[in-house]
Structure formats: structure tokens, C-alpha cells
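Trainee: Build me a model:
(10 chains)
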Protein chains: 10
Amino acid sequence: MTRNEITEQIVLARLTKGLTWQELADAVGRPVVWTTSALLGQHPIPADIGKVFVDMLGLDESAIAVLAAPPMRGGLPTAVPTDPTIYRFYEALQVYGGALKELIHENFGDGIMSAINFSVDLQKKSHPSGDRVVVTFDGKFLPYDWVSADS
Amino acid sequence: MTRNEITEQIVLARLTKGLTWQELADAVGRPVVWTTSALLGQHPIPADIGKVFVDMLGLDESAIAVLAAPPMRGGLPTAVPTDPTIYRFYEALQVYGGALKELIHENFGDGIMSAINFSVDLQKKSHPSGDRVVVTFDGKFLPYDWVSADS
Amino acid sequence: MTRNEITEQIVLARLTKGLTWQELADAVGRPVVWTTSALLGQHPIPADIGKVFVDMLGLDESAIAVLAAPPMRGGLPTAVPTDPTIYRFYEALQVYGGALKELIHENFGDGIMSAINFSVDLQKKSHPSGDRVVVTFDGKFLPYDWVSADS
Amino acid sequence: MTRNEITEQIVLARLTKGLTWQELADAVGRPVVWTTSALLGQHPIPADIGKVFVDMLGLDESAIAVLAAPPMRGGLPTAVPTDPTIYRFYEALQVYGGALKELIHENFGDGIMSAINFSVDLQKKSHPSGDRVVVTFDGKFLPYDWVSADS
Amino acid sequence: MTRNEITEQIVLARLTKGLTWQELADAVGRPVVWTTSALLGQHPIPADIGKVFVDMLGLDESAIAVLAAPPMRGGLPTAVPTDPTIYRFYEALQVYGGALKELIHENFGDGIMSAINFSVDLQKKSHPSGDRVVVTFDGKFLPYDWVSADS
Amino acid sequence: MTRNEITEQIVLARLTKGLTWQELADAVGRPVVWTTSALLGQHPIPADIGKVFVDMLGLDESAIAVLAAPPMRGGLPTAVPTDPTIYRFYEALQVYGGALKELIHENFGDGIMSAINFSVDLQKKSHPSGDRVVVTFDGKFLPYDWVSADS
Amino acid sequence: MTRNEITEQIVLARLTKGLTWQELADAVGRPVVWTTSALLGQHPIPADIGKVFVDMLGLDESAIAVLAAPPMRGGLPTAVPTDPTIYRFYEALQVYGGALKELIHENFGDGIMSAINFSVDLQKKSHPSGDRVVVTFDGKFLPYDWVSADS
Amino acid sequence: MTRNEITEQIVLARLTKGLTWQELADAVGRPVVWTTSALLGQHPIPADIGKVFVDMLGLDESAIAVLAAPPMRGGLPTAVPTDPTIYRFYEALQVYGGALKELIHENFGDGIMSAINFSVDLQKKSHPSGDRVVVTFDGKFLPYDWVSADS
Amino acid sequence: MTRNEITEQIVLARLTKGLTWQELADAVGRPVVWTTSALLGQHPIPADIGKVFVDMLGLDESAIAVLAAPPMRGGLPTAVPTDPTIYRFYEALQVYGGALKELIHENFGDGIMSAINFSVDLQKKSHPSGDRVVVTFDGKFLPYDWVSADS
Amino acid sequence: MTRNEITEQIVLARLTKGLTWQELADAVGRPVVWTTSALLGQHPIPADIGKVFVDMLGLDESAIAVLAAPPMRGGLPTAVPTDPTIYRFYEALQVYGGALKELIHENFGDGIMSAINFSVDLQKKSHPSGDRVVVTFDGKFLPYDWVSADS
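Mentor: This next block holds a predicted model:
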């Protein structure tokens, strides 16, 4: 049973059992975006946490070891996503990606926002013109730095 | 002089004149992410604002009308960005895109985060382990809604 | 049984049972384009409606929960469709897409036709030179609007 | 001066002279979607109409003959459009393309909606929840028909 | 059993039973190019004809309903075909496609050769320098015509 | 002046001078499909013929030597053509390519229709239901034959 | 059992039985490059030869008819090969393809090296600096020749 | 003047001056395939040889230094070549690439034919059924060998 | 059982049995990068070593012969890797690939670093600012050398 | 003068003036891989260093400001490099990328080798079987770490 097959089982078991992602996250005390992403195959899941999920979702115990290994990441089935809910993030990158690059450089210098030392948060905020989805990408600034182990 | 040629002139003039994106934004009283994105060719620039930019950057007056028209948007030269600073956002989408979709549905129902009724904010926040780039995507939730004009 | 597998079963069961899409739509009192698209895997199907379809098509009851979840949308097997009936819509986009963009901007300002607050209608209309397929895309105009939850 | 170069001149001249697409269409008594698409390089423009446009836009007379020839059609710079206003039509095709195919077959039999014997209309319709963009694709149904000249 | 699976069964059954495409076409009195293309999954097969094929090839009766539905067309596994026999037609398009376009316009005006009101014929003709494959594409000319149902 | 630049000049000069492809073909006594394809950059043009074209179209004499060299062939700007008039041939290949392969094998054995020992003809034929474009691909059958120079 | 499935069985059976490609070729008296390519699914295998292979490799008798049909050719899983041993041939084409084209034209005139009336040979030759792989592509020159069956 | 621009000048100058590739090769005493490939931008050309070419072709002296630098190699404008003369080599790779890999391994062991310690030869050989193009790829066998500088 | 299926089994068995790649390498006395790459399907594994792995991992004995054959190499599921850990190497190539090419030429002359006579080493080195991943690519320099077997 | 145009000038000026990359690096006291990559457009060049390069290479003073800005990185003209010297690094990634990922995880845990806190070194090392190119990628290990600015 590969990680992909386990992910498919998780997706179906969650729906059948009527569990929310939030309930799964609460059961293990981890942030809900991390939990959801991990259960969709994008992060290793420590064995003690994996044990809880396996029990809640009715998976085979043998899944625990596979869930605990760092997976081959990258969850989009095509390079440009076709699902509208996901596509809007890609679209934002097409329209604002260049500006984000310029302003990271202007405010921090030459470097990047880490996607590893990183967290994502999703909030529902109310607004007179309608509820808003507020997604925060929060990554450590990493300056381009020419370092070598031996110098 | 097409919009692309004007964008190229803007990029060079800003560097030569030593203007920051923030200074350009402040000169017209608009958010800096919007301003930068617009000057990089992703938004129309109202003529009165365009006039200010044309003066600050030493462009030809004829650019004002072109800047004021809605541009052909989409600023990435390749479908998958190669620049590391921009790529990290694409990578975040590969790793967290599926989770964001699931959680938008769990918290709001079936629908999307608008990328049109939308704003982007970039903040520099300090943290014991180093400064952080905090980027907020803030879009109105749009529920899938089967509406027609004539019903 | 994933959503894709259920879709495949629906497609075969409909043919075997000799049901029309219109009959399926009428059975649940929903528009036929919505119904067809949903049964082809592009929309979540509320459980009460899903129940009707599962009965009519002879699917397993366990499909109801899966049908009720927002699916991963995007139904074209290749980025450019190869089926001639679908391709003509893509071709229309190649020939008229630029004009539609210009005229949306000229008539409404900078913004888009929503594909979420949206409906599609297909009519058969007679004409002296032969019957015509009349497809209407009807979406709410969304102006580009720089809004944030906290301002 | 190739057709592409003329198109670029038209785009700039229209903005500089402050002409709307509707004014250009009215000047020659043709539908505005057709006119806009033709001026964007997607249709041949009969010489008498071309003459009017050349005068209004201040183009060189030599453009008339080039405008009158059937152009190499296809106006999207990438197979999947990046501009959000155009992309929504592509997205609609991803979500509803399969359903449109099924319903054309159910209502008309095996065949297609012609994109040649075809017109496109764009209307602004009001609605309590906001103005709507209503785009109509109207094409002759062409049944698959195995005909040969010599039989 | 999807249409693709049925096609795969047809391909194998024909070889095992030693039937030619011509024999299959003769058995139902249809042109051989049409018959072959239909059996390869590119056309719906009316139920009475489908019944004959199902009997000759030893397929399950349930295939008849599936064969009778308009299929998702498009038979090339890659956008550019790799099989040399098929590739030569693509190559002819690379070399002569532009000329065919120009001459259709010169002889008929602006428009296309229909691929729907269309037939294909393949003949073996002898020639002093060796037998020749003569393939005729025969499609109705469709002039670009701006027609709408309601005008 | 590269071959591509000469082709561009030919395209414009032909329109400006109001010459048909047929007139150009007649002037040199060559088939019109060959002539058009050659003038669009797909065949070398012998110097004596090139001389005639250069005079008729008002090109520089230096073009003759360039026209006489075998060009880098392949005239489609994208792998899948976007122009509708050309696309229909590609579509025919998607729908009938597999059948043509099978029938070439059934009638001739394992091999191909040559696209080199080859001609293309385009005819306008009348038909009660409207004029037809009849395009004939006529290529020598080449059987797969394992030959080596030294055996 | 499709041709692809048979190929997969051949690949495994050969390894398990410890047969070399040369032994398989010798058993049927055919060139080893032809034999290997055919067994990898790129050529039809006459039934008498197929019988020998089926026996040697322990395949099912039903494979003989499938092996005897001209296959859908094209054996690279990606357009640009990733396997280093195969890639070097692609690389040679990138570096020397243009030169080969020019020299075929200089030595033979406008035309091609046939890949159908064609053989490939692979030799191991010794050399002071190390053994060499010598691969010979040997194809009949086919001049571009405008021939039609009816003239 | 970049290497690409120099290549373009070489191509045109050779045609205008009526020089063959063989004459250019003979003038510097190098193999004709190497010479042609180098002049098409695929190899550095030592300054003394470059001097001869610059004189013969009437290029600017400043080209010598550019020609002498190792170029960015890779001469195909698209990943899959469209020119028929070049395509046949790609086709041979599709049909025989897998077999060549297997036979290199069978005859030499695990490794590759070098495309660096390598030469290409093109011969015209006569044959009763017509002249043949015989192209030889001759590369040193390189066995996979796990070597490190420090061990 | 194909090589890909065996690789999948290896990946799962290693996790289930809790073996490290280092333990597997140590068991056979081979470098750990080579061992890992080979077990992931990128190198043939000599039968005596394969026997050890089959025993340790509990695979079927029949896998030994398949593991011993040179595999179809190339382990990335997409041309541009999506997994962040692998992507960083691709990114380094985007940023430093041109410089590495220039410096190989400056220091060694025209040629390449072999990826066949080659080894890879991965070290963990400590550094005041944090542990470092140090990866060494160590390949024999191969000068472009025009050699043929018969000269 | 865009950064790309400046890069092109640098490449040509270096060759014309006969400067080595090492000499350019030495002139500013920076590592040679960094220097070469920066001059090829992949890093910003501080103004004081840019001044030295502008003088050595005879560029316009206005280039200094452009060189000092963080560039749009990504130097490969195609996603898969065609140049053999660069391709070998891509090939190494295809063959060893999966293993490097596994071993980074085994030795460091879940995370990546940074390509930002990073250096590259290229050495020429002698070896009995021939000189070797030794390239070291040296990046800080970054563990996946779920950190947010506000917690």
C-alpha cells in the first residue's frame, strides 16, 4: 500500500465517517492546515499521530510506517491547476508574483520567503460586503548568502 | 509603445532614478503591492495617477492612455516560475493547495476565494529565529451559485 | 470508490438504463446543465439529491457521501480538448476571447465575468438555415476591487 | 507591415484617440463583437470597411489590403489563457464542457455547434445581486454526416 | 465496461478471429473508413449495427448501448503522433497546411473545410513507380457567416 | 535576409500587388499547391523559377539564392494548430488517423504513405448540399523493408 | 492481452530465462537490431517467427496473432528520452541534426533518408582509446518528388 | 554580434557566395560533418580556422573570438523536430532507441555510447534499389563506473 | 513483476522493516548513494548483491534477475521536479548551470563532466550557522574529441 | 538597456577582450562561480563591484544600477537543458535525485538543502584515469518547521 493509495483511502474514509479536517486536527493537537496537508500526502506524520489517524479512519496498522516517511511532495495533478478553488491562488501568483518579488527585495534585500520554515493559516473573516477568505503565508526570510561548510 | 514596452521602461527608469516602490506608492496614495503590480503591467492605472508616474519616471505623456487601459494580465514568463523568490509561492501551492481547497470548503462551503475582490499584503515581522515575510491573500468568499439574469 | 470511479459508473449506468440527462434533472428538479455537469463529477451533489440518483442509477449507497463533497474540478483530459464538440468552444475562445475581454472592460469596467456566480443554458432554436445550438454563459460581473478584511 | 504589426498599431491608436470599440462598430454598421475581434486580427476586414478604420485610426493606406485577407486565426498567447477575464471562459469549459457535449448530443444527435456559422453576443443585464455579463454563443448545429462529392 | 475497454476488446478480437476491417464494414454495409474509425472508438455505432459487431466479435451484449453513444473523440495518444504511418499525415500538415488554408480562401472565400459534414476515402492506386496510397478528405465548405438565432 | 523574412515579404507583396496564388503558379507552370507551399517557405524554389517570383513580387535579387536552398520545413507556429481552417485537418487526423493506419496496413501491408514522394491536390466540387473542399493526399506506399547498402 | 502487455511479458521472460537478444535473433535467423526492436513492440512479427518466440519465452499461443499485426509504433515514454543510453542519440541529433540535413541536401539534393526502407546496425569495434559503439543508420534516399497517381 | 547572429550570417553568406559545405571543410582540412555542425553554431571553431571562414564568407573579424568560444549547444528549434529530413532520425530513435539500449548493454555491459568522444560520418552509397544515405554514429563506450577523485 | 513494481515493493518493505538505506548499503559494502539509487530503480544490481537485498527485504527470488538488468533510467515523475527537496537541485541548475558550463570550459577546455564515470557523495557537515548538506558531483572530464573506430 | 541586454554585452565583451572569468573574479575578490553566475545575470552585483566590471568590460555606466538590482533568475532557455555540458547535471538529477532526497531525510530528517544559503565550488582534480570535474553543492539544511510570526 503506497502513500498515494493510503491518501485515497483517507479521503474516502473521512467522507464516509463524516469527520471534519478540524476534528482530525483537534484529535492530535496540530494546526488544521498542517493536518489537512499531511493527510493529503504532503508531510510525514509522526508515528504516534499516525496511530490516532489510523484508528479514527479505520486504516490498516501497516499504514503508520508509510505515513511516517517524508513523502514525494507536490500535490497538483497538472502544472497549472484546473480546479477553480486552487486556480485562484495560481492566478494571484500570475498577477502579483512579480510585485511580491520586488517588495521582498525592497524590504528585506536579495533573498526569498522560505517555504520550509513556513506556516499557512486560513481564517474566515466577516466584512460588510461578505465573508472573506484570509490566507496567510508566513515564511522566514532567507537572504542569498554564499556560505560553505569548510570556510 | 505597447504596455510591455512601457513596463520595461518603468523597470529601468525606477532603478536609474533610485526610486523605491514604496516611494512610488506613497506619491499616489495607493497600497504598495497594488502599485508595484500595476507598474509591472498587471493593472490599469487611472490617468491622474498615471500622470504622476509618467512625471516621476520621465516617461512620454503618450503612455498615460495606454497605462489606463486594462492590460492583458499574467506576469510569469513560464507556466512554472523559475525565479526562486517567486517559485516558493508556487511550491507552497503544490504542498498546501489541496489543503486550502478542503478547508475553504469546510469553513465556507462549496466555492472559492475571489482573486478579483481581493487584496494582497506583505509585512516584515520580526521573530526570535529571524525576520519573516508574511504575505496575506485576502479575497471575498464566492459560493458556487447558479444564477441567471432572466430568472 | 473514488469520485472518478463513481462518475464512470454513472456514465455507463445511464446508457444501460436508457435514461436521458433531462430525465435525471427532472427527477430532482434541477437545471439540466447543472445536473449533467454534477453527474460528470464537476459539482457536489447534496445528499438528498444524491440519494435519488443512486436509486435511479443503481449505485451503491456509499456513493452518496462522496457525491456530496466538493470535487476536484476540471473535466478536460488534455489542456486543449480533442473532442470536436468540445473543441469548438475552445476555438471560439481563441477567436473571440480577446474581443470578449475588451468588451467586458468597455461595458463594465475592469473586471471579469464570474464563473462561480454563474449559470449556463443550452437551447435548441430553429432558424431558416437550420437548427442552432444557443449556449448562454451568464455570470455576475466582478469588478477588480482592492478590499481587505481588516480595513 | 504584417497583420500582427497592424493589430498592435490598432490597439494603441484606439487608446490614444479615445475611441470605443462600439464607436468603431457603429461607424461601419457591424456587430461590436465581430468588429472588435476583426480589429484584434481574427477576421478579414472587407476593403471598404477597412478604409473607414484606416481613416479613423490614422493607419497607413497599405494596411487595407492586409486587413482584407483571411488572417492566421488564434488569439491566445498561451494554450491556457493567463488573463483572468479570458481565463473564466476556459474555466467554464473545464467545468461545463463535458455537460455541453452530452446535451448537444441529447438534444440534437451526434454533431457539433459550428464555430463558423456562428455569432457571439455580449449583453449587460441587471440583476438584484449585481449586473451580469451574459455571453451567447450561437452556432448552427452540424450533424456528423458522411458525405462525399462524388456520390 | 467503458468505451475504451470495449475498443481494446475489439482490437484483440478482430486479430484473434482473423477478421479484416473490410469484412466488418461489408457485414453492415457501411464505408470501411467510417467502420474502422467507429470500431476504434471515434463514432457512435447505431444499435442495429452494434448488434452485428458484438456477435461477430464475441463481445458482451451490454456493449451495444455504450457503442451507440457519441464517444469522447480524439484518438492520438500524444499531441504529435509518434507512429510513422500516422505521423506522415501530421507532417503533410506541417508542410502543406499553410498552403491548404491559403487555397481554400482563394477558391472559396473565408471559411473552412468541414470535418463533420465530411468523408474520408482511401484507395490503392497503381503507378509505374509503385503503388500509391490515395487519401481523400472531402468536406463541405463552410463560409464564416455571422448568424444568430434571433435575428 | 533569412528565408523567414523573405516569406514574410512574399506574403505582404502578394496582397499589395493583388496577385492570386494561382497566377503565381501559372506564371511558372507548377501545381498551385506546390507553388503556394514553396512560397510560404516549405520547399526550395529552383533559381529560374525564383527569378520569376522575385520579379513579380518585387523582391531583392539576393533572395533567389536563399529561395533555392532546401528550407527548414514545418510551418505550424504551434504543435496543435489554432487557426480553424488548418485545425480541421488536425481534427480529421485525431478522428481518422487510427483508421487510416489500419487500412493502409490492411490494403498494402506494413508500411506508410510517403509524404516525400507525394502530392496534394485541392479541388472545389459542387454538391446539392453545398460546395465541397476535396483534398487529396497521394503518396507512394513504402513498405517497411530492412535493407542495407552493404548487403 | 494487448501488445503492450505482451511486450512486458517478453521483457520479463527473457531475463528470467536468461536468453540474450542475439540468441532470440539467431533462433529465427533475423538481424538482431530488428529482432530486439520487434520484441520490444515496434514491428509486426510474422506468425511463423512469432511461434518460435512464444515457445522460447513461454508466452500464450494467443499472442501470436497480436504480435503479427503492425503495432502502434513509438517506444519513448517521454518526447525527450530520460534514459542516458538512449538520450545520447537524442543529443547527437541536437548537435548534428542540422548538419546532417545540410549534407543530405548537398550530396543527394532535396529529400530525406528513409526510416522505412532502412536498417540499423550496431557494432563493437576496438580502438586504442577504448571500445567503440558504432551505430549505422542506413536508409534509402527519397527525393522530394511531386507525383500523383492519376497523372 | 552573438553566436546566433553570426550563424545566421554564415547561412546566408554561404548561399550567396555559392560555397558548398564540403568546400568550406576542405579549406580548413576538417571533416565535413564537424565543419557543418560547427558553422551551424554547435562547436567552437579554433581562431586560425575561424580566420579562414571569416575571410571566405566575408564576416567581420570580430566574429573570430565569438566563434572560438564553446557555444550553447542544441540546434533543434522544437523538442520534437518538424523538418522531415531531421525528423526521420528522431523517428528512428522512437522505433529503434529501446533496441539500441538493450544491445549496447548486451554487447558492452551497463553504460552508454559517448556523444562527446564521438564522430559522425555520412556517406552516399549506391544500391540496386536506389542510392542510400548511410550515417554512422561512432562513440566510445563508457561503462557506468563509480569513481571519485579522492579515492 | 516489472522493475517499477519491484521498486515499489522495496520502498514499502524498507519502511515496514525499519531498515535504513545505510544499513542496506553496509550489508553489501557499496556506497550509500549508489545503493539507494540502485534500489530506487536507477542501476542494475549484480545478482549476488541482489540476493542479499531480496533476503533482507523479503522480496520474491524472481526479482533477482530483473534487478540485475540495466533499467530504463530517469527517476523524476515530471520534467521539472515538484518535490521541494529534489527541486532545490534543479533550482541550483537554473541559477548556476550557465556558470558551471563556462568554468568547465575555462578550466578544462571544450567538453563535459561525465555523468557515467561519475560518483555522488553526500555529507553532513557542521557549521556555526547550522548543519550543511554537502553534495559532491565528481565526474571525469570528457573533452570533445572527434574519433572514429576506423581511422 | 535591460539586464538581459547587459548580459549579452558582457558575454561578447569578455570574449573580445580575452578576459577569463577567473580574472574577473580576482579583480573583485569574489568566488569565481558566484562571479560568473552573477555576470550571466543570476545575481545582483553591488554597485562598487559593478563599477569594476563596467570599466573592465567597457560597458555603459548606466548598467551599474541595473546590475545592482536582484534579477529575474533562471538561466535555462528550456525546462530540460539541451547543451550537453549543462545536461549532464540534469541527468545526474534524473538518476540520483531520488536517492539524494532519501539520504537527506535519513541523515538530517525531513527538510531540504537550501539553494539560498548555499555555495557552489568547482575543482579540477587529477586522477589516474583522467582529470575530474568535482562540483560541490553546499547548502544549509533547513528542516520543515511550522513557524508563524505571531505565535
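Trainee: where exactly do the strands run in chain A?
Mentor: A:111-125, A:132-143 (DSSP state E).
Trainee: tell me what the shortest one is packed against?
Mentor: Strand A:132-143 is packed against helix A:84-108, strand A:111-125, helix B:84-108, strand B:111-125, strand B:132-143, strand J:111-125, with contacts defined by 3 or more C-beta pairs under 8 Å, 6 or more residues apart in numbering or on different chains; DSSP states H and E. Where C-beta positions appear, they are placed from N, C-alpha and C, glycine not excepted.
Trainee: Recalculate using a threshold of 6 Å.
Mentor: Counting contacts by 3 or more C-beta pairs under 6 Å, 6 or more residues apart in numbering or on different chains; DSSP states H and E, strand A:132-143 packs against strand A:111-125, strand B:132-143.
Trainee: for the first one, what is the average pLDDT?
Mentor: For strand A:111-125, the mean pLDDT works out to 98.
Trainee: what does the shortest one give?
Mentor: Strand B:132-143 shows a mean pLDDT of 98.
Trainee: buried ones in it?
Mentor: B:Arg132, B:Val133, B:Val134, B:Val135, B:Thr136, B:Phe137, B:Asp138, B:Gly139, B:Lys140, B:Phe141, B:Leu142 (16 or more other C-beta atoms under 10 Å in any protein chain shown).
Trainee: What of the longest one?
Mentor: Neighbour-count burial for strand A:111-125 flags A:Gly111, A:Ile112, A:Met113, A:Ser114, A:Ala115, A:Ile116, A:Asn117, A:Phe118, A:Ser119, A:Val120, A:Asp121, A:Leu122 (criterion: 16+ other C-beta under 10 Å).
Trainee: Low-confidence bits of chain A, can you list those?
Mentor: Within chain A, the stretches with pLDDT under 70 are A:151.
Trainee: What's the nearest residue in chain A when you look at chain H?
Mentor: Proximity of chain A to chain H (C-beta to the nearest C-beta) peaks at A:Asp150, 13.7 Å away.
Trainee: how near is the residue nearest to that residue when sequence neighbours are not counted to chain F?
Mentor: The shortest distance from A:Asp150 to any non-neighbouring residue, by C-beta to C-beta, 6 or more residues apart in numbering or on different chains, is to I:Lys125 (7.4 Å). Between I:Lys125 and chain F the computed distance is 47 Å (C-beta to the nearest C-beta, to the nearest Å).
Trainee: what is I:Lys125 paired to in the beta sheet?
Mentor: I:Arg132 (DSSP bridges).
Trainee: Now for it: which residues touch it?
Mentor: A:Ala149, I:Arg132, I:Val134 (C-beta atoms under 6 Å, 6 or more residues apart in numbering or on different chains).
Trainee: dump the residue contacts of the last one.
Mentor: Shown here is I:Val134, whose contacts under the criterion C-beta under 6 Å, 6+ apart are A:Ala149, I:Gln123, I:Lys125, J:Asp138.
Trainee: Give me the nearest residue to it, chain neighbours excluded.
Mentor: Nearest non-adjacent residue to I:Val134, counting by C-beta to C-beta, 6+ apart: I:Gln123, 4.5 Å away.
Trainee: now do A:Thr2
Mentor: Per C-beta to C-beta, 6+ apart, closest to A:Thr2 is I:Glu8, 6.3 Å.
Trainee: And for A:Ala38?
Mentor: A:Ile45 (5.2 Å).
Trainee: I'd say that neighbour and A:Ala65 touch.
Mentor: No - using C-beta atoms under 6 Å, A:Ile45 makes no contact with A:Ala65, being 10.5 Å away.
Trainee: quick one on the thing from earlier: tell me which of the contacts of I:Val134 is nearest to J:Gly18?
Mentor: Nearest to J:Gly18 among the contacts of I:Val134, counting by C-beta to C-beta, is J:Asp138 at 31.5 Å.
Trainee: Does the closest one touch A:Val147 like I think?
Mentor: No - with contact defined as C-beta under 6 Å, J:Asp138 does not count as touching A:Val147 (7.4 Å).
Trainee: what are the C-alpha coordinates of stretch A:77-90, in CSV please?
Mentor: Provided in CSV are the C-alpha atoms of stretch A:77-90 (Å, rounded to 0.1, in the frame of the first residue of the first chain):
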residue,chain,number,x,y,z
PRO,A,77,-2.2,16.8,-10.9
THR,A,78,-1.2,19.3,-13.6
ALA,A,79,1.4,22.1,-13.6
VAL,A,80,-1.4,24.7,-13.9
PRO,A,81,-4.2,23.7,-11.6
THR,A,82,-7.6,23.2,-13.2
ASP,A,83,-9.8,23.3,-10.0
PRO,A,84,-11.2,26.8,-9.7
THR,A,85,-10.7,27.0,-5.9
ILE,A,86,-7.0,26.1,-6.3
TYR,A,87,-6.5,28.0,-9.5
ARG,A,88,-7.3,31.4,-7.9
PHE,A,89,-4.0,31.1,-5.9
TYR,A,90,-2.2,30.4,-9.1
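Trainee: Fine, thanks again, bye for now.
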